[in-house]
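In: Kindly generate the corresponding structure for this input.
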Amino acid sequence: MEKTLHLILDKLQSLESGQKELQQITKAILDYQEETDARLEALSSDIQSVYGEVKEIKDTMATKKELIQSEERLDAQTLLIGKAQERIEILALRQKKQ
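Out: Numbers count the residues shown, from 1 in each chain. Got it, this is the predicted structure:
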């Protein structure tokens, strides 16, 4: 009977030891999960920041494109004005000759 009791105590100590090991493993997993969650949150924040910067760059590029188009239209208008002034000068010279 004493041998049986001793075997039961050994098994109980073995189970307690296993339970402590499982608790340590569980705690390590939970700690790692918290660390992973924190990293994921940081990445999410970084992505939002990059998104904002990309949007700002796109807006700036659109503004630059509009500015270039405006400059091209201005150049075309300036050319037309120059041609109109030449015609006016030619007409003025013709009138003086008559």
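
In: what's near enough to touch the residue most central in space within the chain?
Out: Taking C-alpha atoms, centre = their mean as the criterion, Val50 is the residue nearest the geometric centre of the chain, at 2.5 Å. Applying C-beta atoms under 8 Å, 6 or more residues apart in numbering, we find Val50 in contact with no residue. C-beta here means a position set from N, CA and C on the backbone, and glycine is covered the same way.

In: what helix or strand does it sit in?
Out: Element membership for Val50, per DSSP states H and E: helix 2-97.

In: Can you get me the centre-to-centre distance for that helix and its chain?
Out: When C-alpha coordinates are averaged (C-alpha atoms, centre = their mean, to the nearest Å), helix 2-97 and its chain have centres 0 Å apart.

In: about what we covered before: I'd like to know the predicted local confidence at the residue nearest to the centre of the chain, please.
Out: On pLDDT, Val50 comes in at 95.

In: how close does it get to Leu79?
Out: If you measure Val50 against Leu79 using C-beta to C-beta, to the nearest Å, the figure is 43 Å.

In: again, but for Leu22
Out: The gap separating Leu22 from Leu79 is 84 Å, by C-beta to C-beta.

In: remind me which residues of this structure are low pLDDT?
Out: Across the chain, no stretch falls below the confidence threshold (pLDDT under 70).

In: quick one: contacts for Lys64?
Out: Taking C-beta under 8 Å, 6+ apart as the definition, Lys64 has no contacts.
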